[in-house]
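Participant: okay, sequence plus prediction incoming.
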Amino acid sequence: MKNQAIPVITLDGPSASGKGTIAHLVAQALGFHYLDSGVLYRLVALAAMKHAIAAEDEPNIVAMARCLNVSFVDATVQLDGVDVSEAVRAEICGEYASRIAQYPTLREVLLDRQRNFRELPGLVTDGRDMGSVVFPDATLKIYLTADAEERARRRYKQLIEKGINANIADLVASLRERDERDSKRLASPLQQCEDTHLLDTTGFSIDQVVNQVLSMYADISTTSQL
Ligand SMILES: Nc1ncnc2c1ncn2[C@@H]1O[C@H](COP(=O)(O)OP(=O)(O)OP(=O)(O)O)[C@@H](O)[C@H]1O
Ligand SMILES: Nc1ccn([C@H]2C[C@H](O)[C@@H](COP(=O)(O)O)O2)c(=O)n1
C-alpha cells in the first residue's frame, strides 16, 4: 500500500497541553501506532547532556543525532540500551530539547526517523510540526491547547505524581519561555495551520477530549468513504 494511504492523526500544540496523553489514548482506541515526536528531541538532548555537548554546539549535536542508538521497547524508551523513560521527561530535558530543536539540520536528521513510524493500520502522533511539516497529508490535524495556567497546573500535578519537585510559578515561566521559543523559531515553528482543527481542552476531562478526537476522526473517515 502506498504510504500516503496509511491514515495519520496529528496533534500539535504547546507544552503540557495534553497532546501526548490524548494521542496515546486515541492510538489505543483505534489500534494505531503512536509516536511522541518530542521524545526524539529529548533523547538527543539527554545524549548531548551526557556527553557534555553545549546546546549551542550545533555541529556536534547534529553529528551525535545521526548515530543515536535509540530503541522503543514496549512502553519504554532506551538510549544505548539503557531505559531512559523517566530521564527524558525531566523539565531540564524538555528545555534543552526546545533549544536544539531550533536547528534545521537536526530537524532534517529526525525527519525520516519520524516518517518511518507511518505504518498500517495507522499512526497517531504529537509534537509541534507533525501536521505542518512531518505529515502534511495527515488525515486529521489537530492543534491541541489549553490556557497557560491550566497547562502549568497539569504539568505541576504530573511532576509531583512522579515524585519530582516542582513550583507552579517557575513552571508558568518555563512553559511560557519554551512555547515562545518553539513558536518564534524559523525552522518548523509551532503554529496552527489553516487545515488544522483547534481544540482548546481547558475545562475538559481527558476522556472528553479523547472522545472528541475519535468523533472528529470518525466523521472524516465516513466523509472520505462517500
Ligand atoms: N484534558 C485534560 N485535563 C486534565 N489533565 C490533562 C488533560 N490532558 C492531559 N492532562 C494531563 O496533563 C499532563 C500533561 O500532559 P502531556 O504530558 O500529555 O502534555 P504534552 O502536551 O504532551 O506535554 P509536552 O509537549 O510538554 O510533552 C499529564 O499529566 C496529563 O495526564
Ligand atoms: N515535533 C516536535 C516535537 C518536539 N519539539 C521540541 C520542542 C519541544 O519544546 C521539545 C520537547 O517536546 P515535548 O516532549 O515537550 O513535546 O522538543 C519540536 O521542535 N518538534
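Facilitator: That came in fine, so what should we check first? Numbering: from 1, shown residues only. Ligands and ions are numbered 1, 2, ... in the order given.
Participant: now do the phi/psi pair for the residue nearest the centre of the chain.
Facilitator: Centroid-nearest residue in the chain, with Cα atoms, centre = their mean: residue 127, separated by 2.7 Å. Dihedral pair for residue 127: phi 170, psi -140, per degrees, to the nearest 10.
Participant: show me what contacts it?
Facilitator: Applying Cβ atoms under 8 Å, 6 or more residues apart in numbering to residue 127 gives the contacts 10-12, 19, 36-38, 134. From N, CA and C alone the C-beta is placed, and that goes for glycine too.
Participant: among those residues, which ones lie close to ligand 2?
Facilitator: For ligand 2, the contacts drawn from the contacts of residue 127 by Cβ under 6 Å from any ligand atom are 37-38.
Participant: mind listing the strands for the chain?
Facilitator: 8-12, 33-36, 70-73, 76-79, 82-83, 123-127, 140-145, 197-200 (DSSP state E).
Participant: which of those comes out lowest on mean pLDDT?
Facilitator: Within those, confidence is poorest for strand 70-73, with a mean of 90 (mean pLDDT).
Participant: list the buried residues for that strand?
Facilitator: By neighbour count on 16 or more other Cβ atoms under 10 Å, the buried set for strand 70-73 is residue 70.
Participant: what are the buried residues along stretch 169-179?
Facilitator: So stretch 169-179, judged by 16+ other Cβ under 10 Å, has buried residues 171-172, 174-175, 178-179.
Participant: mean confidence for it?
Facilitator: Averaging pLDDT along stretch 169-179 yields 92.
Participant: redo the contacts of residue 127 as TSV? Include neighbour count.
Facilitator: Shown next, in TSV, are the contacts of residue 127 (neighbours: other Cβ atoms under 10 Å):
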residue	neighbour count
10	28
11	29
12	28
19	28
36	18
37	24
38	21
134	25
